[in-house]
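Below is the structure, and that's it, no one-letter string:
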């Protein structure tokens, strides 16, 4: 599983010009699901992200998590994180999970973030989405689980 995390002051998802979801201060997470990912990967990535200390404390030191600051999460499925561009000019997505399985894992991940007490919104699986955000920092981190 791959998660591209951006610390944001605001983020939103639109589909066909209609706002689907939005958050205020928190994390925009693009989630790629690999064909070998399992529910164990969900637990690993959710625990890591909700406890990742990337928000500043009163002294300006990165010492607080999204839970600590009562931030929100916007979770967007992102198959292209599994793009292999090593050969040719067209990305290969052979390492990405098949859509029905990826959707199940995505939805369980969304539920797991909410179960951790972090208000979490999502995009629409397999939709063409327009994402708007204001990156705070900027702060962008890539996390991967080990399969």
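Cool, got the structure. Just so it is clear, the model here is predicted, and its values are computed rather than measured.

what kind of secondary structure is the spatially most central residue of the chain in?
With distances taken as Cα atoms, centre = their mean, the residue of the chain nearest its centroid is residue 29 (2.1 Å). Following DSSP: H, G, I helix; E, B strand; the rest coil, residue 29 is assigned to strand.

need the helices for the chain, in chain order.
Assigned by DSSP state H, the chain shows helices spanning 39-50, 99-115.

which strands and helices sit next to the last one?
Right, the one you point to is helix 99-115. helix 39-50, strand 72-77, strand 120-122 (3 or more Cβ pairs under 8 Å, 6 or more residues apart in numbering; DSSP states H and E). Where you see a C-beta, it was placed from the backbone N, CA and C, and this is true even at glycine.

Neighbouring strands of the shortest one in the sheet, and parallel or not?
Right, the one you point to is strand 120-122. Paired with strand 120-122 in the same sheet, following DSSP bridges, are strand 72-77 (parallel).

out of the helices and strands packed on helix 99-115, deepest packed?
Counting by mean count of other Cβ atoms under 10 Å, strand 72-77 has the highest mean neighbour count of the helices and strands packed on helix 99-115, with a mean of 24.

quick one: that one to helix 99-115, angle?
Computed by axes from the mean of the first three to the mean of the last three Cα atoms, to 10 degrees, the angle separating strand 72-77 from helix 99-115 equals 170 degrees.

Give the residue farthest from the middle of the protein.
residue 88 (28.2 Å).

Run through the bridge partners of residue 26.
Applying DSSP bridges, one finds that residue 26 bridges with residue 8, residue 72.

going forward can the numbers begin at 58, since that is how I track them
Understood, numbering begins at 58; the last thing we discussed is residue 83.

so it touches residue 65, yeah?
Yes. Between residue 83 and residue 65 there is a contact at 6.4 Å, judged by Cβ atoms under 8 Å.

what do these two both touch?
Common neighbours of residue 83 and residue 65, using Cβ atoms under 8 Å, 6 or more residues apart in numbering, are residue 131.

low-confidence ranges in this structure?
Filtered on pLDDT under 70, the chain yields the residue ranges 204.

now residue 173, nearest residue through space, not along the chain?
With sequence-adjacent residues excluded and distances taken as Cβ to Cβ, 6 or more residues apart in numbering, residue 173 is closest to residue 107, at 4.8 Å.
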